[in-house]
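S.K.: need a 3D model of the sequence below.
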Amino acid sequence: RRTTSPGFTKRGARVDEEGKWSLTPEQLALDVGRRVAGLRIIDACCGCGGNAIGFARAGCAVTARDLDATRVALARRNAELYGCRVDAKVGDCLALLEQNVDADALFVDVPWGRDWDKARTDLAALPLLAEVLWRAPGRVDRVLAKVPPSFDVSEVPGAVAEAFFWARIG
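M.R.: Numbering: from 1, shown residues only. Now for the predicted structure:
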(Lines give C-alpha, C1' and ligand atoms only; values in the text may rest on other atoms or scores of the structure.)
Protein backbone atom coordinates (compact mmCIF):
# COMPACT_ATOMS: atom_id res chain seq x y z
CA ARG A 1 0.00 0.00 0.00
CA ARG A 2 1.22 3.43 -0.71
CA THR A 3 1.89 6.26 1.65
CA THR A 4 3.65 8.84 -0.49
CA SER A 5 3.17 7.90 -4.16
CA PRO A 6 0.38 9.53 -6.12
CA GLY A 7 -2.71 7.53 -6.95
CA PHE A 8 -4.35 9.43 -9.78
CA THR A 9 -2.32 12.14 -11.47
CA LYS A 10 -5.10 13.84 -13.42
CA ARG A 11 -6.44 16.97 -11.81
CA GLY A 12 -10.03 16.51 -10.68
CA ALA A 13 -9.82 12.79 -9.89
CA ARG A 14 -11.49 11.91 -6.61
CA VAL A 15 -10.83 9.26 -3.98
CA ASP A 16 -12.31 8.49 -0.59
CA GLU A 17 -10.35 8.04 2.66
CA GLU A 18 -9.52 4.41 1.88
CA GLY A 19 -8.46 5.32 -1.65
CA LYS A 20 -5.97 7.86 -0.31
CA TRP A 21 -3.79 5.01 0.91
CA SER A 22 -4.96 1.94 -1.03
CA LEU A 23 -5.29 3.19 -4.61
CA THR A 24 -2.78 1.59 -6.96
CA PRO A 25 -0.45 4.30 -8.32
CA GLU A 26 -1.62 5.32 -11.77
CA GLN A 27 1.52 4.27 -13.65
CA LEU A 28 1.57 0.87 -11.94
CA ALA A 29 -2.11 0.28 -12.80
CA LEU A 30 -1.35 1.15 -16.43
CA ASP A 31 1.72 -1.14 -16.47
CA VAL A 32 -0.37 -4.05 -15.16
CA GLY A 33 -3.08 -3.24 -17.69
CA ARG A 34 -0.57 -3.40 -20.53
CA ARG A 35 0.29 -6.98 -19.51
CA VAL A 36 -3.24 -8.01 -20.47
CA ALA A 37 -3.95 -5.39 -23.15
CA GLY A 38 -7.04 -6.04 -25.20
CA LEU A 39 -8.54 -8.69 -22.91
CA ARG A 40 -11.96 -8.65 -21.29
CA ILE A 41 -11.32 -7.95 -17.60
CA ILE A 42 -13.47 -8.09 -14.51
CA ASP A 43 -12.20 -5.80 -11.74
CA ALA A 44 -13.79 -7.53 -8.78
CA CYS A 45 -13.20 -4.92 -6.06
CA CYS A 46 -12.89 -1.74 -8.09
CA GLY A 47 -12.91 0.83 -5.32
CA CYS A 48 -12.34 4.31 -6.78
CA GLY A 49 -11.44 2.86 -10.17
CA GLY A 50 -7.66 3.10 -10.34
CA ASN A 51 -6.99 -0.39 -11.67
CA ALA A 52 -10.13 -0.44 -13.85
CA ILE A 53 -8.94 2.77 -15.51
CA GLY A 54 -5.45 1.32 -15.99
CA PHE A 55 -6.95 -1.70 -17.74
CA ALA A 56 -9.25 0.45 -19.89
CA ARG A 57 -6.40 2.75 -20.91
CA ALA A 58 -4.50 -0.37 -22.01
CA GLY A 59 -7.35 -1.31 -24.35
CA CYS A 60 -9.18 -3.80 -22.15
CA ALA A 61 -12.96 -4.10 -21.98
CA VAL A 62 -13.60 -3.59 -18.26
CA THR A 63 -16.45 -4.77 -16.06
CA ALA A 64 -15.95 -3.33 -12.57
CA ARG A 65 -17.82 -4.19 -9.39
CA ASP A 66 -17.71 -3.05 -5.79
CA LEU A 67 -20.13 -3.43 -2.89
CA ASP A 68 -19.85 0.25 -1.92
CA ALA A 69 -22.09 2.54 -3.99
CA THR A 70 -20.04 5.64 -3.10
CA ARG A 71 -16.84 4.01 -4.36
CA VAL A 72 -18.57 2.87 -7.57
CA ALA A 73 -19.74 6.45 -8.16
CA LEU A 74 -16.13 7.61 -7.73
CA ALA A 75 -14.92 4.92 -10.15
CA ARG A 76 -17.47 6.05 -12.76
CA ARG A 77 -16.56 9.71 -12.31
CA ASN A 78 -12.83 9.01 -12.52
CA ALA A 79 -13.23 6.80 -15.60
CA GLU A 80 -15.18 9.57 -17.30
CA LEU A 81 -12.49 12.10 -16.35
CA TYR A 82 -9.86 9.84 -17.95
CA GLY A 83 -12.04 9.29 -21.03
CA CYS A 84 -12.32 5.56 -20.36
CA ARG A 85 -15.21 3.18 -20.83
CA VAL A 86 -15.66 1.15 -17.63
CA ASP A 87 -18.86 -0.74 -16.83
CA ALA A 88 -18.83 0.08 -13.10
CA LYS A 89 -21.76 -1.10 -11.02
CA VAL A 90 -22.58 -1.91 -7.44
CA GLY A 91 -22.36 -5.64 -7.11
CA ASP A 92 -20.80 -8.67 -5.52
CA CYS A 93 -17.87 -10.13 -7.44
CA LEU A 94 -18.73 -13.61 -6.15
CA ALA A 95 -22.27 -13.35 -7.51
CA LEU A 96 -20.84 -12.11 -10.81
CA LEU A 97 -18.63 -15.19 -11.02
CA GLU A 98 -21.70 -17.40 -10.62
CA GLN A 99 -23.25 -15.84 -13.72
CA ASN A 100 -22.22 -16.65 -17.26
CA VAL A 101 -19.09 -14.50 -17.17
CA ASP A 102 -17.89 -13.02 -20.44
CA ALA A 103 -14.29 -12.26 -19.48
CA ASP A 104 -10.78 -13.50 -20.12
CA ALA A 105 -9.39 -12.54 -16.73
CA LEU A 106 -10.45 -11.46 -13.30
CA PHE A 107 -8.48 -8.88 -11.33
CA VAL A 108 -8.98 -8.75 -7.59
CA ASP A 109 -7.52 -6.25 -5.15
CA VAL A 110 -9.15 -7.63 -2.03
CA PRO A 111 -9.27 -5.42 1.04
CA TRP A 112 -6.26 -6.22 3.21
CA GLY A 113 -6.17 -3.10 5.31
CA ARG A 114 -3.40 -1.01 6.78
CA ASP A 115 -2.38 -3.53 9.41
CA TRP A 116 -1.56 -6.56 7.26
CA ASP A 117 1.06 -9.02 8.50
CA LYS A 118 4.39 -7.80 7.15
CA ALA A 119 6.10 -11.14 7.87
CA ARG A 120 3.69 -13.58 6.20
CA THR A 121 0.22 -13.26 4.73
CA ASP A 122 -1.68 -16.37 3.69
CA LEU A 123 -5.05 -17.14 2.11
CA ALA A 124 -6.67 -17.40 5.54
CA ALA A 125 -5.94 -13.69 6.00
CA LEU A 126 -7.53 -12.90 2.61
CA PRO A 127 -10.78 -14.92 2.63
CA LEU A 128 -12.30 -13.07 -0.33
CA LEU A 129 -9.27 -13.93 -2.47
CA ALA A 130 -9.54 -17.57 -1.36
CA GLU A 131 -13.20 -17.64 -2.38
CA VAL A 132 -12.48 -16.00 -5.75
CA LEU A 133 -9.71 -18.50 -6.46
CA TRP A 134 -12.06 -21.37 -5.60
CA ARG A 135 -14.85 -20.11 -7.87
CA ALA A 136 -12.81 -18.78 -10.83
CA PRO A 137 -11.70 -22.04 -12.55
CA GLY A 138 -13.85 -22.71 -15.60
CA ARG A 139 -15.24 -19.19 -15.53
CA VAL A 140 -12.16 -17.11 -16.42
CA ASP A 141 -8.81 -18.14 -17.89
CA ARG A 142 -6.71 -16.26 -15.37
CA VAL A 143 -6.87 -14.42 -12.10
CA LEU A 144 -4.65 -11.45 -11.32
CA ALA A 145 -4.44 -10.37 -7.69
CA LYS A 146 -2.94 -7.41 -5.88
CA VAL A 147 -1.70 -8.87 -2.62
CA PRO A 148 0.57 -7.80 0.23
CA PRO A 149 4.31 -8.23 -0.45
CA SER A 150 4.39 -10.85 2.31
CA PHE A 151 1.75 -13.05 0.60
CA ASP A 152 2.76 -16.71 0.43
CA VAL A 153 2.11 -17.50 -3.25
CA SER A 154 2.93 -21.19 -2.65
CA GLU A 155 -0.54 -21.53 -1.12
CA VAL A 156 -2.06 -21.13 -4.58
CA PRO A 157 -1.32 -24.24 -6.69
CA GLY A 158 -0.18 -23.32 -10.18
CA ALA A 159 0.19 -19.64 -9.38
CA VAL A 160 2.93 -17.65 -11.03
CA ALA A 161 4.19 -14.75 -8.97
CA GLU A 162 4.97 -11.54 -10.82
CA ALA A 163 6.03 -8.49 -8.93
CA PHE A 164 5.32 -4.98 -10.15
CA PHE A 165 6.93 -2.04 -8.45
CA TRP A 166 6.56 1.65 -8.89
CA ALA A 167 8.60 4.38 -7.32
CA ARG A 168 8.38 8.11 -7.63
CA ILE A 169 11.68 9.54 -8.74
CA GLY A 170 12.60 13.08 -7.75
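
S.K.: mind listing the helices for the protein?
M.R.: Ranges of helices in the chain, per DSSP state H, are 17-22, 26-35, 50-57, 69-81, 93-98, 127-135.

S.K.: quick one: buried residues of the longest one?
M.R.: To tie it back to what came earlier, the one meant is helix 69-81. 71-79, 81 (16 or more other C-beta atoms under 10 Å). C-betas here are computed from N, CA, C, even on glycine.

S.K.: what's the closest of those to Pro25?
M.R.: Taking C-beta to C-beta as the measure, Asn78 is the one of the buried residues of helix 69-81 closest to Pro25, at 14.0 Å.

S.K.: show me the contacts for the closest one.
M.R.: 8, 13-14, 48-50, 53 (C-beta atoms under 8 Å, 6 or more residues apart in numbering).

S.K.: hmm, 6 Å instead?
M.R.: If you count contacts by C-beta atoms under 6 Å, 6 or more residues apart in numbering, Asn78 has them with 13, 49.

S.K.: spatially central residue in this protein, please.
M.R.: In the chain, the residue lying closest to the centroid (C-alpha atoms, centre = their mean) is Asp109, at 4.0 Å.

S.K.: any idea how far that one lies from Asn100?
M.R.: 24 Å (C-beta to C-beta, to the nearest Å).

S.K.: so Leu30 sits right up against Gly54, yeah?
M.R.: Yes - counting by C-beta atoms under 6 Å, Leu30 touches Gly54, with 4.5 Å between them.
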